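In: coords please:
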Amino acid sequence: MSKNEKIQFFKDRLLASIQGESVPSFARKCGMSETVIRDYLSGKTYPSLSRLGIIAENCGASFNWLATGYSLEEIESNSDETVYNEKIHRIPVYSKQMPSVEEAKTQKYVRDSPPVMNYPVLAGWLAYRGLNPADMIIYWAKGNLMEPEIKNNNGLIIDTSTRNIVDGGIYLVEYGDMTLLRRIHLTINGWLLQNNNSAQTLEVHKNDFGQYDVIGIVVQVINDI
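Out: Next up, the predicted model:
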């Protein structure tokens, strides 16, 4: 069975994982609407990365099995040709996607927590973009400051190898206890950190660059459904 066919049978894996639980009950457990769950079960739509993680946690199933139809053991024991038709790389996905108010005050990037899951990315796509899979991470967007390009709960594939700022690129930046997702514009004296839906612009002088930790540049947005 090809990779695409495996994905198409997600509805069957979800149905098996629910194990006879009613749709209203399972929807409440996952914090989703009944319509969303019914659409998944009918094959009308597929869950986003974030929702797939929530579903896997609440039905006790493997994230990788729900997403691909294969367990990690099967992926490792089979050749890429027989499983995917194309080599894949698994990009680490980090937790703290929905911090509490107290956690949000001090939330840092991924320094204090291991990845909670992996997201499969085709090697061909990475090669076409000239990206090294070892440098990729996935981070969760929160809030609406970067809409319409990046919406709340979108998954962001971020290239952490970036050291030279590209004017107009969207970057994940740490400053003190804050994690910022901002577009950076270059100026003669430093940077302008801007968002799309607020007049607030943060000016950073060259002398202050050392106070900011640029984690990486956003290279792909994974839309939530």
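In: What's the end-to-end length of stretch 162-178?
Out: This stretch, stretch 162-178, spans 20 Å end to end (CA to CA, to the nearest Å).
In: centre of the chain versus that stretch, how much separation?
Out: Average the C-alpha atoms of stretch 162-178, do the same for its chain, and the two points are 17 Å apart (CA atoms, centre = their mean, to the nearest Å).
In: taking the mean pLDDT, what do you get for that stretch?
Out: Average pLDDT, stretch 162-178: 82.
In: Give me the pLDDT for the spatially most central residue of the chain.
Out: Centroid-nearest residue in the chain, with CA atoms, centre = their mean: Gly155, separated by 2.8 Å. Gly155 is assigned a pLDDT of 82 by the prediction.
In: now it, nearest residue through space, not along the chain?
Out: Nearest non-adjacent residue to Gly155, counting by CB to CB, 6 or more residues apart in numbering: Ile222, 3.6 Å away. Just so you know, the C-beta spots here come from the backbone N, C-alpha and C atoms, and that holds for glycine as well.
In: that's a strand at Gly20, yeah?
Out: No. Gly20: not assigned to a strand; according to DSSP: H, G, I helix; E, B strand; the rest coil it is coil.
In: how much space between it and Cys59?
Out: Separation of Gly20 from Cys59 (CB to CB, to the nearest Å): 11 Å.
In: okay, those two: which has more neighbours?
Out: Neighbour totals were compared for Gly20 and Cys59, and Cys59 leads with 18 against 7 (other CB atoms under 10 Å).
In: Name the nearest residue to that one, sequence neighbours excluded.
Out: Nearest residue to Cys59 in three dimensions, chain neighbours excluded: Ser17, at 4.0 Å (CB to CB, 6+ apart).
In: contacting residues around the one you found?
Out: If you count contacts by CB atoms under 8 Å, 6 or more residues apart in numbering, Ser17 has them with Ile55, Cys59, Gly60, Ala61, Leu66.
In: so it is in which element?
Out: Assessed by DSSP states H and E, Ser17 sits inside helix 10-18.
In: thought Trp65 was touching Arg13?
Out: Yes. At 6.8 Å, Trp65 counts as touching Arg13 under the criterion of CB atoms under 8 Å.
In: quick one: the helices in this protein?
Out: For the chain, applying DSSP state H gives helices covering 3-8, 10-18, 23-30, 34-42, 49-59, 63-68, 72-77, 80-83, 101-106, 123-129.
In: how long is stretch 154-170 end to end?
Out: With CA to CA as the measure, stretch 154-170 spans 14 Å from end to end.
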